[in-house]
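Novice: Sequence first, predicted coordinates after that:
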Amino acid sequence: MVVTDSLFLLTFILTLVAILFLASGRRTKATNSGEFSLGGRQGGAWHVFGAITGTLVGGASTVGTAQLAFLYGFSAWWFTLGAGLACLFLGLFLAVPLRRSQVETIPEFIARYHGPRARLLSSLFAALGMFIQIVAQLLACGAVLAVLFDLSLLSSAMISALLVILFTLSGGMKSAGLTGMIKMALIYLTMIIAGVLAYHQSGGWGGLKESFPDFPWFSLFGYGVKKGVSDLVSMLVGVISTQTYLQAVFSARNGAAARGGALLSAVLIPPLGIFGIFVGLYMRQAYPEIESALALPTFISMNFPSPLAGVAFATLLIAAVGTAAGLALGVATTLKVDTLQRWMAGQRNELLLFRLLTVGIVATAFVLLLFNLGTAIMDWSFLSMGLRGATFCFPLLFAIFLSRISLPKAGLVSIICAPVSVVVTGLLNIEILPPLYIGLSLSLLIFLGGLVIRLMRGDSS
């Protein structure tokens, strides 16, 4: 699919330029990297929502959901449904205490309860996990550009990296909130139109029921109970273990805004999956021979007028770019606050150094693409979720819900052993349990052991 339609190209380019202009037009007047990364802690609920969804809602929520629906039906809803439930948990239980802590990163919060030695290690594991996702998102961006315009890997990767850098540096967290809201509006517009058209063309609910048996196509567990539960757990763990999402909470003006932004995300993310499912089912019904990954792009190219198709494809590209940009900001913030603080704090050019660090992170991901490591990175992408989840999930939950009980040794041992177990089981291809489950199980056992020892001593302080 190489696009030559002038109206398509015009609206495609104008949409990208407009997003960049609106983002840079609200550039935060940051005088230091803390204001840049948190927007001066002035974000309202909608800005928190935009910052969360700007990274959380990407290619998996749109192209990926339609692809899975093409293959399995309603099982494809787990990603957006799980993301919504994770945001609900974040809003109800975690957002307020995290915002009240006045910290900038998850390792900084954890260090208050598990000791300073846990901070450096957890920041390195977290940064590595997010970095792997940046590489994957650059691959997705490059693929969209290569398919649309028949670009080489070098050209598409360069453009993708440049877009990510521009989105990241356009204004920090304040810009992330604004661009996230705009991106969600465009994604909703695209997916509603696509979903409604697909539902109508498939013959409505009756037409779908005639074309597909109830199982597996209309079951959330159509591709297996184990897989469905695993996807849900992965989303719950991933959201509360990723700096980028919690950074949105830290940027809120108060606890109420942090909670409100998370709850808005919980309400507005899941419906996107339903529209993607209708597209996937219709394409399976009408064009079962196509490549599953092309279900949504093909539907848009076939059914949208050229100007609207240009906006839609720009939106899909922005979704991947926004995710990569948010992750790059999260990696840079984690490294700056928890690893490089002693060298960067108080520097007159602190903000410039932070921006350069962010550019360096994206540039490093770009270099990996040039070395043609895409396949290897995607094969190892499970490390991203495993590293972040095993490192942060239970240390964070114990710090919030059992904050009166000090478990510094258990916290340190967990932060060392749990992510290492994820790497080892991944390298050895141990298939007893997914690496994430092994890391989480080990982390929980370590904390429970520490808690038992503490209670046996009769010390709850």
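Specialist: Perfect, thanks for sending it.

Novice: Where does pLDDT dip in the stretch 51-200 of the chain?
Specialist: Along the stretch 51-200 of the chain, the parts satisfying pLDDT under 70 run over 143, 147, 153, 170-177.

Novice: And the helices in it?
Specialist: Along the stretch 51-200 of the chain, counting by DSSP state H, counting those that start in this stretch, helices occupy 63-72, 78-89, 95-100, 106-114, 117-149, 153-169, 172-201.

Novice: winner for burial among those helices?
Specialist: Stretch with highest mean neighbour count among the helices of the stretch 51-200 of the chain: helix 63-72 (a mean of 25; mean count of other C-beta atoms under 10 Å). Every C-beta, even on glycine, is put in place using the N, C-alpha and C of the backbone.

Novice: Now do that helix: which elements does it pack against?
Specialist: Contacts defined by 3 or more C-beta pairs under 8 Å, 6 or more residues apart in numbering; DSSP states H and E place helix 63-72 against helix 78-89, helix 270-286, helix 295-303.

Novice: mind running it again at 10 Å?
Specialist: If you count contacts as 3 or more C-beta pairs under 10 Å, 6 or more residues apart in numbering; DSSP states H and E, helix 63-72 packs onto helix 78-89, helix 117-149, helix 172-201, helix 214-217, helix 225-240, helix 270-286, helix 295-303, helix 306-338.

Novice: re the thing from before, could I get the helices of the stretch 51-200 of the chain in JSON lines, plus columns for distance to residue 430?
Specialist: JSON lines is the format used below for those (distance: least, C-beta to C-beta, whole Å):
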{"stretch": "helix 63-72", "distance to residue 430": "26"}
{"stretch": "helix 78-89", "distance to residue 430": "24"}
{"stretch": "helix 95-100", "distance to residue 430": "34"}
{"stretch": "helix 106-114", "distance to residue 430": "27"}
{"stretch": "helix 117-149", "distance to residue 430": "19"}
{"stretch": "helix 153-169", "distance to residue 430": "33"}
{"stretch": "helix 172-201", "distance to residue 430": "37"}
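
Novice: So for residue 366, which of those helices sits nearest?
Specialist: With distances scored as C-beta to C-beta, the stretch of the helices of the stretch 51-200 of the chain nearest to residue 366 is helix 153-169 (4.2 Å).

Novice: Run a quick check on residue 181 versus residue 54, I expect a contact.
Specialist: Yes - between residue 181 and residue 54 there is a contact under C-beta atoms under 10 Å: 7.9 Å.

Novice: so which of the helices of the stretch 51-200 of the chain comes closest to residue 18?
Specialist: Nearest of those to residue 18, taken as C-beta to C-beta: helix 172-201 at 8.5 Å.

Novice: quick one: the closest one to helix 153-169, angle?
Specialist: 120 degrees (axes from the mean of the first three to the mean of the last three C-alpha atoms, to 10 degrees).

Novice: Next, the angle from helix 172-201 to helix 63-72.
Specialist: 30 degrees.

Novice: Just after helix 172-201, pick out the following helix or strand.
Specialist: The helix or strand immediately downstream of helix 172-201 is helix 204-211, counting by DSSP states H and E.

Novice: Give me the buried stretch members for that next one, please.
Specialist: 207, 208 (16 or more other C-beta atoms under 10 Å).

Novice: if you average pLDDT over it, what comes out?
Specialist: Mean per-residue pLDDT for helix 204-211: 96.

Novice: same deal with stretch 295-305?
Specialist: For stretch 295-305, the mean per-residue pLDDT is 92.

Novice: now do stretch 245-257
Specialist: For stretch 245-257, mean pLDDT is 93.

Novice: got the buried residues for that stretch?
Specialist: Within stretch 245-257, the residues scored as buried using 16+ other C-beta under 10 Å are 245, 246, 247, 248, 249, 250, 251, 252, 253, 257.

Novice: Could you point out which of the helices of the stretch 51-200 of the chain sits nearest residue 269?
Specialist: Nearest to residue 269, of all these, is helix 78-89, at 4.6 Å by C-beta to C-beta.

Novice: Packing partners of that closest one?
Specialist: Identification of packing neighbours for helix 78-89 by 3+ C-beta pairs under 10 Å, 6+ apart yields helix 45-56, helix 63-72, helix 225-240, helix 243-250, helix 255-268, helix 270-286.

Novice: so which of those comes closest to residue 156?
Specialist: Nearest to residue 156, of the helices and strands packed on helix 78-89 and by C-beta to C-beta, is helix 63-72 at 16.1 Å.

Novice: Using PDB, write down the CA coordinates of that closest one.
Specialist: Output of helix 63-72 as PDB, limited to C-alpha atoms (Å, rounded to 0.1, in the frame of the first residue of the first chain):
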ATOM      1  CA  VAL A  63      -4.200  -2.000  15.300                       C
ATOM      2  CA  GLY A  64      -3.400  -4.800  17.700                       C
ATOM      3  CA  THR A  65      -7.000  -5.100  19.000                       C
ATOM      4  CA  ALA A  66      -8.400  -5.400  15.500                       C
ATOM      5  CA  GLN A  67      -5.700  -8.000  14.600                       C
ATOM      6  CA  LEU A  68      -6.500 -10.200  17.600                       C
ATOM      7  CA  ALA A  69     -10.300  -9.800  16.900                       C
ATOM      8  CA  PHE A  70      -9.600 -11.000  13.400                       C
ATOM      9  CA  LEU A  71      -7.900 -14.100  14.900                       C
ATOM     10  CA  TYR A  72      -9.900 -14.800  18.000                       C
END
